[in-house]
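Student: Provided below for reference: sequence and predicted model.
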Amino acid sequence: MVAATLSYEDLGLVQGEGWLFRHLDVHIRPRDRLALIGRNGAGKTTLLKCLADLIETDEGRRTIVPGSKVVLLEQDPDMSGHATLLDWILSGPGAPEPHEVAAIADQIALDLSRPVATASGGERRRAAITRALAQDPDILFLDEPTNHLDLGGIEWLEDWLNRYTGAFIVISHDRTFLTRLTKSCLWLDRGHLRRAEIGFGGFEAWMEKAYEEEARAAEKLDAKLAIELRWLERGVTARRRRNQGRLAKLQDMRAQRAAMIGGPGTAKLAVAKDDVRSKAVIDSDRVSKSYGDRQIIRDFTLRIQRGDRIGIVGPNGAGKTTLLRLLTGELQPDEGTVERAKTLSGIVIDQQRKLMDPAKRVRDVLAEGGDWIDVRGVKKHIKGYLKEFLFSPELTEAPVGSLSGGERSRLLLAREFAREANLLVLDEPTNDLDLETLDLLQEVIADYEGTVLIVSHDRDFLDRTVTVTLGLDGSGRVDVVAGGYEDWAKRRRPSAPAKSGLQPRVTREEPTGPLPSQGTRKLSYKDQRDLDRLPGEIEHMEAEIAAVEDVLADPDLYTRDPKKFGELSDRAAKLRADRNAAEERWLEVAEMAEALSS
């Protein structure tokens, strides 16, 4: 086995009143491509800083090959005290050579003379990337490197890392980025670190197997301990199966939408029935918008219906936010009209999220200090509602200031999704969220009965959520494509690259296509019956599970009636097992039906 360039053995760090993690062994070998995965608050960023020798640990021994250079690309570096981005890049120990900085800045379209005070999030992110890469590190630690980057910047960074001859560890919520780049996974979970020699593409199956093994071990524990651990293991396998089912439903919705959208670039809707018009919530007709001599949106027409999930993509500066503001009524067009349903009411979760008062408790943010929260007209106990958003119920009294950045974002999502609305506007919603929270957000969007507008650079997230993609290239034209990011990318591949200011890049083709055809056979009577009946049965079981879990959410139930607590815990476990089996069977016959129809 190749010797490690950097090792940290028996690493331990105390945070607050206890150990954040302990007895961790990390070995980084030349050309390692590692994904560091874990929930928000698990300590991923802190672990990178320990490995980079930026934090003094309480236990452990760090060894490194002499002369090896380690560089950390921080998620939000402090640039205060510097006049321009170039001043910051060339400051501090280990500053890169100016000619190396200029070369990378030119490739990544960064204006080095930009004042720090007026630099956008995307410009600050590109400056941090320039500073890190220009130092020519042997080991590179990347903490959410794609945050605030547009699609061109993300693809450029992918290409650079594919050519990079050193080792790297990356923390990212961008599944596409991780899948394309990583060869091994580090999983930081409840203070323990596990490594698997698989790329991120195999991580979820590995994680499921680990949780299944834990679940079998948990069966030997008493009911109280099992219920305390339950929020940690909440439906990982079942969620992935449900997401697969939702993706099948999403494909049906996209097919229906494709039949209503005209040819490429026209964005015309063929209105064949009156009920289509009656379902419209936003009706844009030949909309144009300019700033000075620059035309941002040109001749844009689209009728958005109730239940549509609209994704908006394109390079930074192409006009995504302008288009979003036109659709929501914050901005008026220069030409054309935008009509909105009179009953339309929305909530906006944007990338400039206001910081919540760090002194407030979680209880204060969700329920104004009470025990119950009104979730779209339904009263829920805040401890039960917290579990729906992957929080421990014990966090109700925790101050917001003690939460990680990602946990604060998740708390904000929990608060906003409780509100009554029929339009949900999400501007870069995936920033600072861990992978499991992204799964949860996908579920919430899929189950949302209203209309959703999403601006995002997260390709996988768009592929899993939206029915229609609006693609901007900076010329004013808006391409309307039924489907997600990949559908839009396929549309634009034959044409010239988007004007992102970056060097052209050849987009990699991914294996696509239907399942192998199995001739003209039909489903058996039993298979067809299961395909038809199981969705209703699964929905009924979900309702039963929710009812039982609402009772179990009572923090005093175990003390007051331990027998009832045990019976309900057993009932919930059986219902979940039955639901999982039903979901597995439904997915099996759904895949058979898809194969037969291809």
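Tutor: The structure has been received and is ready for your questions.
Student: so how far is Arg195 from Asp285?
Tutor: 56 Å (C-beta to C-beta, to the nearest Å). Every C-beta, even on glycine, is put in place using the N, C-alpha and C of the backbone.
Student: between the two, which one's more packed in?
Tutor: More crowded of Asp285 and Arg195, by other C-beta atoms under 10 Å: Asp285, with 16 against 13.
Student: mind listing what the host helix or strand of that one pairs with, with the direction of each?
Tutor: If you go by DSSP states H and E, Asp285 is part of strand 280-291. Sheet pairing here is set by DSSP bridges, and for strand 280-291 it gives strand 294-305 (antiparallel), strand 335-340 (antiparallel).
Student: most tightly packed of the ones you listed?
Tutor: strand 294-305 (a mean of 20; mean count of other C-beta atoms under 10 Å).
Student: quick check: next helix or strand after that one?
Tutor: strand 309-313.
Student: report the buried residues of that next one.
Tutor: Buried positions in strand 309-313, judged by neighbour count with 16 or more other C-beta atoms under 10 Å: Arg309, Ile310, Gly311, Ile312, Val313.
Student: what residues sit buried inside stretch 365-381?
Tutor: Across stretch 365-381, burial judged by 16+ other C-beta under 10 Å covers Val365, Leu366, Ala367, Ile373, Val375, Lys380, His381.
Student: nearest residue to the third one other than its sequence neighbours?
Tutor: Sequence neighbours aside, Ile373 is the residue nearest to Ala367 in space, at 4.6 Å (criterion: C-beta to C-beta, 6 or more residues apart in numbering).
Student: I figured that neighbour hits Phe417, correct?
Tutor: No - contact criterion C-beta atoms under 8 Å: Ile373 and Phe417 do not qualify, at 10.7 Å.
Student: show me where the stretch 201-350 of the chain has its helices.
Tutor: With helices called from DSSP state H, counting those that start in this stretch, the stretch 201-350 of the chain shows them at 203-218, 223-230, 236-258, 274-278, 320-328.
Student: and the gap between Asp364 and Gly406?
Tutor: Remark: distance between Asp364 and Gly406 (C-beta to C-beta) = 20 Å.
Student: ah, wrong one, I meant Pro315
Tutor: As defined by C-beta to C-beta, Pro315 lies at a distance of 26 Å from Gly406.
Student: any low-confidence regions in the stretch 51-200 of the chain?
Tutor: Residues of the stretch 51-200 of the chain meeting the criterion pLDDT under 70: none.
Student: report pLDDT for Ser495.
Tutor: pLDDT recorded at Ser495 is 44.
Student: check Val478 too.
Tutor: On the pLDDT scale, Val478 is placed at 94.
Student: OK, contacts around it?
Tutor: Ala267, Ile297, Arg298, Phe300, Leu323, Leu470, Gly471, Leu472 (C-beta atoms under 8 Å, 6 or more residues apart in numbering).
Student: let's see it at 6 Å
Tutor: Going by C-beta atoms under 6 Å, 6 or more residues apart in numbering, Val478 touches Phe300, Leu470, Leu472.
Student: what's the answer for Val348, then?
Tutor: Val425.
Student: with Thr430 instead?
Tutor: Contacts of Thr430 were listed using C-beta under 6 Å, 6+ apart, and they are His173, Leu438, Asp458, Phe461.
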